[in-house]
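> this one's structure only:
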């Protein structure tokens, strides 16, 4: 199997793992009575997941897996949206 395919599989698996963790955290948060400290801790976990996803999406190895134009994801100024753009 070519190295590009292995990298692509790793990136897809990593992205799937991050999304599964985010789903689990959302379910946990929806069933728990949370105080401010718990809410802030959960928000930090979500932010870490977003950063992991961005790191996975923006690595040079990942970009080489794409057949179309490579994209880069960037946080907007308010930190709540992500914009794709050509590198």
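Done, it's in. Keep in mind that this is a model prediction, so the values were computed, not measured.

> Report the buried residues of stretch 37-49.
Within stretch 37-49, the residues scored as buried using 16 or more other C-beta atoms under 10 Å are 42, 49. Every C-beta, even on glycine, is put in place using the N, C-alpha and C of the backbone.

> Equivalent analysis for stretch 47-56, please.
For stretch 47-56, using 16+ other C-beta under 10 Å, the buried residues are 49, 50, 52, 53, 56.

> Near the residue lying closest to the fourth one once chain neighbours are set aside, how many other residues are there?
It stands for residue 53. Nearest non-adjacent residue to residue 53, counting by C-beta to C-beta, 6 or more residues apart in numbering: residue 18, 5.1 Å away. By other C-beta atoms under 10 Å, 18 other residues sit near residue 18.

> contacting residues for residue 18?
Neighbour list for residue 18: 49, 52, 53, 56 [criterion: C-beta atoms under 8 Å, 6 or more residues apart in numbering].

> Please repeat the previous calculation with a cut-off of 7 Å.
49, 52, 53 (C-beta atoms under 7 Å, 6 or more residues apart in numbering).

> pLDDT (mean, whole number) over the one helix or strand it maps to?
Assigned by DSSP states H and E, residue 18 falls within helix 3-31. On average, the pLDDT along helix 3-31 is 86.

> Local confidence estimate at residue 41?
Reported pLDDT for residue 41: 92.

> Roughly how far does it sit from residue 29?
10 Å (C-beta to C-beta, to the nearest Å).

> again with residue 43
For residue 43, the distance to residue 29 - C-beta to C-beta - is 10 Å.
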